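Trainee: model this:
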Amino acid sequence: MKLPVQRVVWLGIGLIIILGVGWYWNQPKCLRIAAGRSGGDAHNFALLMRKFLPLYSNNKICITLVETDGTQENLEKLENKQADLATAQADILIMKNLPSLAPLNALVWNPSPQKQLNDAQIVSLLFPDMYQLVVRNDSDIKSVSDLAKDKKVAMPPREGGQIESFAFLMQYYALVTGKQQLVKLVEVGNKIEDVKNALCNQKQIDAIFYVRAIDNDNIREILTQCGRLISIDQAAAMTIKNPYLQQAEIPEGAYRGGGNPIPSSGVDNKQKLTTVSTPRLLLAHKDADKEKIRAITQILYDYRQEFIKQMPLLANMSPPDSMKSRIGLPIHAGAQAYYDREKPSWLERYSESLGFIITLASIGLSGFLWLTQRFEQIRKNKADDYIREVNSLMDAEDCIQAVIAYLNAEQLNNTQQLKIFKDTITEKSAKILVEKRIAELACQKNLISNESLISFGKTLRKVINAIEKLSVNVSEEILNDVLQKATYIVANWQNEPINILQRLLRVSSADELRKTEKNKLNHQNLDDVLQKVKIPVGKQQALQLSDATKFLESEILEIRRDLNAIFKRAVNALVEERISQESFQSFRVIWQVAADGIKQENHRLP
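Mentor: Take a look at the predicted model:
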């Protein structure tokens, strides 16, 4: 009996070892990215990669952040294989023979010798960094050359790429050369509080230089407190000296809009703020896993909208070929594979001989991916959006029918019928008006599509157009009643438990709704929506009773088309698994009721 027991023990140990090894190999191997200091644009981008890459790769790719002092250290770590990815300021890649910088209160800064990048390859261009020279408001500095007039400039941080860009700028304007330094430099510290104190309060310096993206928070703080931007007037010529620079313009109001914009283009709107920009690059080591770099590139572009929502700067993200080979680094093979995805693959070229095998593999892979995505995806029920659209169209049909009936009652001078039809018109139109305003708010939060918003707007215009077919006095009276009724409806919703609006707008909680949406459904908001669809009184054309049948037939046909369009969108949402089968069936029942009602109405028309 002892031998079988030993076999079971060894079998258990072996099974544990096999499972452990399998678990280990299935763990994602995290890539390291060197992306500068915390709080910088590149570091914020790296944080987004750490957040989104595991999410959109089914946890197959993960990122570890390596905090550095800037571009130079990023490149060093990439070349030394201490990082797999890195961000870099493009302009400094080819800078050479830069002058030394001697601050008044610190040691001389000597530029690092230019290093040959043998292993760095491009993945993508991320966003443009701008050369931005900020001077104090009360300074007489109007151009870069004015810095030579006994002005003091903050010494850029010794680490990173900004100081090399500054040295290049000073060298270009002949303010700093190998023999002389016409500009006075002062070290004031790297923290924004130190910079503001030195520039605004103590006035120890007159200017400070940044290489940052537009709308940088630190630059905005300085500009709103005591600073202004000045143009780099020879920007176009600088691009000759450094092809990784491009002439650019900082638009008026980039840092503050309104009546007192920052920057301002002047009274005559002719003072353009010119500068130069340089792309921020995402680089990878040439030995970095090709498939992982391809997957990263694909996620960056396939889900770029999600990245842009968190970091609008990434709207400028583009493939390296958009620079038309101006960046002298090769594109990483993994990134190139994604960019060349439209080109025929080897399998496509020899598809005739391998067709059967590819077909079987495609079917199996498609089935596997479908099952995986179906069970892992968080499915959001959006059927209510389509149901609301259908209900609004049903209300629109009732409203238009009531308008025609009102014309008939008006001819017969039936006071009782006039009141009934007027109340119907008011009730239905008010509901549609509220739905349109709710759709606007929901669209702003990306809770419904732009197509749904357009659908609600079209329905509202339809009923308002029908009301304006009545006489001017009657239509104006009804539209006023519609606005009052809509306001009353919203007021009742806000007095009741908030879950009605919460469901419609899909906010996370009732408290959030009270804080963010309560003041956005008031009388003025609803009136603004109404005024946008009204036709000026002088352009309104009253509907003659003799034309009523033709008008009604035309409107019902249009409603039918709108119903079909909604149905098609719902079907697409079902196919894309944005709504569940059960929710679609609920929508279909309501849609069918509306469609059958339209059919019956068509049969009743003469």
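Trainee: got the CA positions of the host helix or strand of Ile208 in CSV?
Mentor: For Ile208, the element it lies in under DSSP states H and E is strand 207-212. Extracted as CSV, the C-alpha positions of strand 207-212 are listed here (Å, rounded to 0.1, in the frame of the first residue of the first chain):
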residue,chain,number,x,y,z
ALA,A,207,11.3,85.6,-19.2
ILE,A,208,11.1,81.8,-19.1
PHE,A,209,11.3,79.3,-22.0
TYR,A,210,9.2,76.2,-22.4
VAL,A,211,8.9,73.4,-24.9
ARG,A,212,5.4,72.1,-24.1
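Trainee: let me see the domain layout of the chain.
Mentor: For the chain, the structural domains run 32-338, 349-376, 383-604, going by automatic domain parsing.
Trainee: A helix includes Asn492, no?
Mentor: Yes. Remark: Asn492 belongs to a helix, assigned using DSSP: H, G, I helix; E, B strand; the rest coil.
Trainee: neighbours of it, how many?
Mentor: Neighbour count of Asn492, defined by other C-beta atoms under 10 Å: 10. Backbone N, C-alpha and C define where each C-beta goes, glycine included.
Trainee: same check, this time on Asn572
Mentor: 11.
Trainee: cool, Ile438 as well?
Mentor: Close neighbours of Ile438, defined as other C-beta under 10 Å, add up to 22.
Trainee: check the one 4 residues further on too.
Mentor: Using other C-beta under 10 Å, Ala442 has 22 other residues around it.
Trainee: not counting its neighbours along the chain, what's nearest it?
Mentor: Ile448 (4.6 Å; C-beta to C-beta, 6 or more residues apart in numbering).
Trainee: ok but that neighbour is inside a helix, no?
Mentor: No. If the criterion is three-state DSSP, then Ile448 is coil and not within a helix.
Trainee: my read: Gly70 touches Glu159, true?
Mentor: Yes. With contacts counted by C-beta atoms under 8 Å, Gly70 reaches Glu159, the gap being 5.1 Å.
Trainee: between these two, which one's more packed in?
Mentor: When Gly70 and Glu159 are compared for neighbours, Gly70 comes out ahead with 25 against 16, by other C-beta under 10 Å.
Trainee: Asp233 in helix, strand or coil?
Mentor: From three-state DSSP, the assignment for Asp233 is coil.
Trainee: the spatially closest residue to it that is not a sequence neighbour: how many residues sit nearby?
Mentor: Closest residue to Asp233 apart from its sequence neighbours, by C-beta to C-beta, 6+ apart: Ser143 at 5.5 Å. Look at Ser143: counted by other C-beta under 10 Å, it has 13 neighbours.
Trainee: with Lys184 instead?
Mentor: Lys184, neighbours per other C-beta under 10 Å, totals 17.
Trainee: okay, it: pLDDT?
Mentor: Per-residue pLDDT puts Lys184 at 91.
Trainee: thinking again about what came up before, per-residue confidence averaged over the strand holding Ile208?
Mentor: On average, strand 207-212 scores 93.
Trainee: repeat for stretch 391-402
Mentor: 88.
Trainee: next: stretch 542-562.
Mentor: pLDDT averaged over stretch 542-562 gives 83.
Trainee: which residues are contacting that stretch?
Mentor: With contact meaning C-beta atoms under 8 Å, 6 or more residues apart in numbering, stretch 542-562 is reached by 393, 396-397, 400-401, 403-404, 407-408, 411, 455, 458-459, 462, 466, 469-472, 595, 598, 601-602, 605-606.
Trainee: roughly how far out does it sit from the chain middle?
Mentor: 41 Å (C-alpha atoms, centre = their mean, to the nearest Å).
Trainee: can you pull out the helices in the stretch 351-500 of the chain?
Mentor: Under the criterion DSSP state H, counting those that start in this stretch, helices of the stretch 351-500 of the chain are mapped to 351-376, 383-412, 415-444, 450-467, 472-495, 499-505.
Trainee: got the contact list for stretch 175-193?
Mentor: 99, 101-106, 144-145, 147-148, 150-155, 157, 167, 170-171, 174, 194-195, 197-198, 204-205, 218, 221-222.
Trainee: please repeat the previous calculation with a cut-off of 6 Å.
Mentor: The contact list for stretch 175-193 (C-beta atoms under 6 Å, 6 or more residues apart in numbering) reads 99, 101-106, 147-148, 152-155, 157, 170, 194-195, 198, 205, 218.
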